[in-house]
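K.L.:
Here is my input; please provide its structure:
(chains A and B, ligands or ions: 1)
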Amino acid sequence: MEIPRHWRLNQQRYGLVGEVCPHCEAKIFPPRDICPHCGGEAKTTYAFNGRGEVFSFTTIYEAPTGFDETAPYTVALVKLEEGPLVTAQLTDLGETRPEIGMPVEMVTRKLRSDGDERGMLIYGYKFRPVMR
Amino acid sequence: MTDIIIAGIGQTPVGEHWDESLRSLAVQAIQAAIKDSGGLKPQALYVGNMLAASLSRQAHLGALLADYAGLRFDDAQHKAGIEAETVEAGGASGGAALRQGYLAVASGLVDVALVVGVEKFTDVIGPDLEAALATLTDADYESVHGLTLTAQAALLARRYMHENHVPADGLAGFPLTAHANGAGNKNAMYRKAIALDTYQKAEPVCEPLNIFDVAPNADGAAAVVLTRRELLPKDFPHPVVRLAASTITSDTLALAERSDPLWFAAAQASVEQAFQKAGITREQVDLFEYYDAFSIFAALSLEAAGFAKRGQGWKLAGDGSIALTGQLPCATLGGLKARGNPGGATGVYQVVEAAEQLRGQAGANQIAGARYALIQCLGGPASIAVTHILEKIGD
Ligand SMILES: [Zn+2]
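P.N.:
Alright, predicted model coming up:
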């Protein structure tokens, strides 16, 4: 079972909680305690607002175990308003064809269900289109 | 420092070897490399492997392969096998294992090192194979979102093509070159040239990538024997090829954590360091074995190595520059795309092929008079970059 591994990430998965560097003010996601920009210690938590735009995207047809039942699905690099990129699925697309630059916002959805882990479900962030 | 020599090379054909196991493939390559070296006795074995623990349910390859290859000490007092361990650096595992062999021999602590890269893909297929491959991405921030290695490359390709106004078939020249060159390599998985129109009609895999933009995962093993120049046998039968540089650099594991995803910073750094170490300039490079696991990687690697300006690497594929007859021949024996991509063995295959070129053993694909070969393998989107330079010294 991998419950503790996922439980440790709840703040990131549900709240996009990262860090802000007290030295250079860079916003950091995911949190890593050492600022990747200036190398200083960065342990001040910072919750991202969940808004951003699509930096790139693709659709996966041949999915790994745990995702194969939901394939095809679309994954993206989302550029958050505060700066960092984040990898996540796009959801609630309906008839919308994703494109680079499309504004999106964070929602919480089921990420995967793992047959090997007796129905353990993992929830976390995905991004959906926002109307301009 | 004394010259470190590629004394022996060996390889199995790359393909779907249903009748061969991880260990049988590795042993074949090891035996071929030792024989090619004139029978040098290795004192240490470095195994490059990426995923045997999940694909073959087999970890601890050092002990297994040293034993099965019969790598024991000669003298009666040491009834034991030689030093042996696995080196893992994702898709760059083979190159990283070679780097360990280089360090060992260069340090003087090991006289003869054996490096073998091996991967056995075809025992696992479908979603379980995708899941195993996805362990090479960031588990907490990439694969948990369903990202795969191919999708990661597709994200790069989409953005690259958008920013640089690359037409839909703009990357075609990479697989076309690879397949044309694979035709001349008897160990290649695909030995048939393809036409542009075949590429244009190919089935998409992960848009904008189609099946020809993704190198096939395959089974295979390749090995090299390294020693110092003064330890070569007197009747050494080959032109002497030295390992002129060996460098490894790293970048973020997760693609999203880079401020500039379209720039392979680690690849650039490892190439620059390698040129410095070898004392050559990029103009002296006679051939470049780049890491074309995906067409977009080839474009970004050409840019990182300084052979093209940023955003222009894709143009070298279309204008003949990277063909066997071009300014900078690349993937000269088929590259990952046509020779096949046997995971942790790939970096060793690249070095075996480059050594064949410098020795003059590359047959129909021979680059005449080649003296310097630049070789690079990558783990993920250049999360690890391993660069080697081979130099032919005398005959
Ligand atoms: Zn900082």
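
K.L.:
May I have the residues that are in contact with B:I194?
P.N.:
B:P175, B:L176, B:H179, B:F212 (CB atoms under 8 Å, 6 or more residues apart in numbering or on different chains). For the C-beta atoms, the positions are set from N, CA and C on the backbone; glycine is no exception.

K.L.:
who touches the helix or strand of chain A with the lowest mean pLDDT?
P.N.:
The helix or strand of chain A with the poorest confidence is helix A:3-7; it has a mean of 80 (mean pLDDT, DSSP states H and E). Here helix A:3-7 makes contact (CB under 8 Å, 6+ apart) with A:R13, A:M120, A:I122.

K.L.:
Go ahead and confirm the second one touches A:G66.
P.N.:
No. Between A:M120 and A:G66 there is no contact, the gap being 9.7 Å when judged by CB atoms under 8 Å.

K.L.:
Look at these two and report which has more neighbours.
P.N.:
A:G66 (23 against 15; other CB atoms under 10 Å in any protein chain shown).

K.L.:
For the more buried one, give its distance to B:V144.
P.N.:
9 Å (CB to CB, to the nearest Å).

K.L.:
Give the residues shared as contacts by those two.
P.N.:
A:R112.

K.L.:
show me where chain A has helices.
P.N.:
Assigned by DSSP state H, chain A shows helices spanning A:3-7, A:10-15.

K.L.:
Tell me how many other residues surround B:L40.
P.N.:
Count around B:L40 with other CB under 10 Å applied: 23.

K.L.:
Let me see the confidence value for the residue of chain B found nearest the ion.
P.N.:
Ranked by CB to the ion, the top residue of chain B for proximity to the ion is B:S259, at 12.3 Å. Note on B:S259: pLDDT of 93.

K.L.:
what comes up buried for the helix or strand in which B:A154 is found?
P.N.:
According to DSSP states H and E, B:A154 maps onto helix B:149-164. Buried residues in helix B:149-164, defined by neighbour count with 16 or more other CB atoms under 10 Å in any protein chain shown: B:149-161, B:164.

K.L.:
any idea how far B:V105 is from B:T2?
P.N.:
For B:T2 relative to B:V105 (CB to CB), the value is 9 Å.

K.L.:
for B:L333, that is, sorry about that
P.N.:
25 Å.

K.L.:
does the most centrally placed residue in chain A have beta-bridge partners, and which?
P.N.:
Note on chain A: the residue nearest the mean C-alpha position is A:A88, at 4.2 Å, using CA atoms, centre = their mean. Applying DSSP bridges to A:A88 yields these beta-bridge partners: A:A76.

K.L.:
what sits against it?
P.N.:
Contacts of A:A88 by CB under 8 Å, 6+ apart are A:V75, A:A76, A:V78, A:M106, A:Y125, A:K126, A:F127, B:H145.

K.L.:
these two touch, right, B:T252 and B:S383?
P.N.:
Yes. Counting by CB under 8 Å, B:S383 is a contact partner of B:T252 at 6.6 Å.

K.L.:
Pick out the lowest-pLDDT one from the contacts of helix A:3-7.
P.N.:
Out of those, that is A:M120, at 71.

K.L.:
Compute the distance between that one and B:F307, please.
P.N.:
48 Å.

K.L.:
got it, and B:A180?
P.N.:
19 Å.

K.L.:
now the least confident helix or strand of chain A, how far from the centre of its chain.
P.N.:
17 Å (CA atoms, centre = their mean, to the nearest Å).

K.L.:
mind exporting that helix as CSV, just the C-alpha atoms?
P.N.:
As requested, the backbone C-alpha atoms of helix A:3-7 are provided in CSV (Å, rounded to 0.1, in the frame of the first residue of the first chain):
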residue,chain,number,x,y,z
ILE,A,3,-1.3,5.5,1.3
PRO,A,4,1.4,7.5,3.2
ARG,A,5,3.2,8.4,0.0
HIS,A,6,0.0,10.0,-1.3
TRP,A,7,-1.1,11.5,2.1
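
K.L.:
and that helix, which residues are buried?
P.N.:
Quick answer for helix A:3-7 (16+ other CB under 10 Å): A:H6.

K.L.:
now swap in stretch B:19-34 and tell me
P.N.:
Neighbour-count burial for stretch B:19-34, with 16+ other CB under 10 Å as criterion, is recorded at B:E20, B:L22, B:R23, B:L25, B:A26, B:V27, B:Q28, B:A29, B:I30, B:A32, B:A33, B:I34.

K.L.:
Helix or strand: which one has the fifth one?
P.N.:
So that's B:A26. helix B:22-36.

K.L.:
The residue lying closest to B:R99 once chain neighbours are set aside: neighbouring residues, count only.
P.N.:
Sequence neighbours aside, B:S246 is the residue nearest to B:R99 in space, at 5.0 Å (criterion: CB to CB, 6 or more residues apart in numbering or on different chains). Applying other CB under 10 Å, we find 25 other residues in the vicinity of B:S246.

K.L.:
Now do the same contact list for B:S246.
P.N.:
B:L98, B:R99, B:Y102, B:L103, B:A274, B:K277, B:V386, B:T387, B:H388.

K.L.:
as a whole number, average confidence for stretch B:235-246?
P.N.:
Rounded mean pLDDT across stretch B:235-246 is 96.

K.L.:
which parts of it are buried?
P.N.:
So, applying 16+ other CB under 10 Å, buried residues of stretch B:235-246: B:F236, B:H238, B:V240, B:V241, B:R242, B:L243, B:A244, B:A245, B:S246.

K.L.:
And the helix or strand hosting the fifth one, how far out from the chain middle?
P.N.:
Using DSSP H and E, B:R242 sits within strand B:241-250. Taking the mean of its C-alpha atoms, strand B:241-250 sits 13 Å from the chain's own mean (CA atoms, centre = their mean).

K.L.:
repeat for stretch B:88-102
P.N.:
With CA atoms, centre = their mean, you get 9 Å for stretch B:88-102.

K.L.:
Just the C-alphas of it, formatted as PDB.
P.N.:
The C-alpha coordinates for stretch B:88-102 follow below in PDB (Å, rounded to 0.1, in the frame of the first residue of the first chain):
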ATOM      1  CA  GLU B  88      21.300   3.400 -13.600                       C
ATOM      2  CA  ALA B  89      20.700   6.800 -15.100                       C
ATOM      3  CA  GLY B  90      17.400   6.300 -16.900                       C
ATOM      4  CA  GLY B  91      17.800   6.200 -20.700                       C
ATOM      5  CA  ALA B  92      21.400   7.300 -20.200                       C
ATOM      6  CA  SER B  93      22.300   4.300 -18.100                       C
ATOM      7  CA  GLY B  94      24.600   2.800 -20.800                       C
ATOM      8  CA  GLY B  95      26.600   6.000 -21.100                       C
ATOM      9  CA  ALA B  96      26.800   6.400 -17.400                       C
ATOM     10  CA  ALA B  97      28.100   2.900 -17.000                       C
ATOM     11  CA  LEU B  98      30.800   3.700 -19.600                       C
ATOM     12  CA  ARG B  99      31.700   6.800 -17.600                       C
ATOM     13  CA  GLN B 100      32.200   4.500 -14.500                       C
ATOM     14  CA  GLY B 101      34.500   2.300 -16.500                       C
ATOM     15  CA  TYR B 102      36.400   5.300 -17.700                       C
END
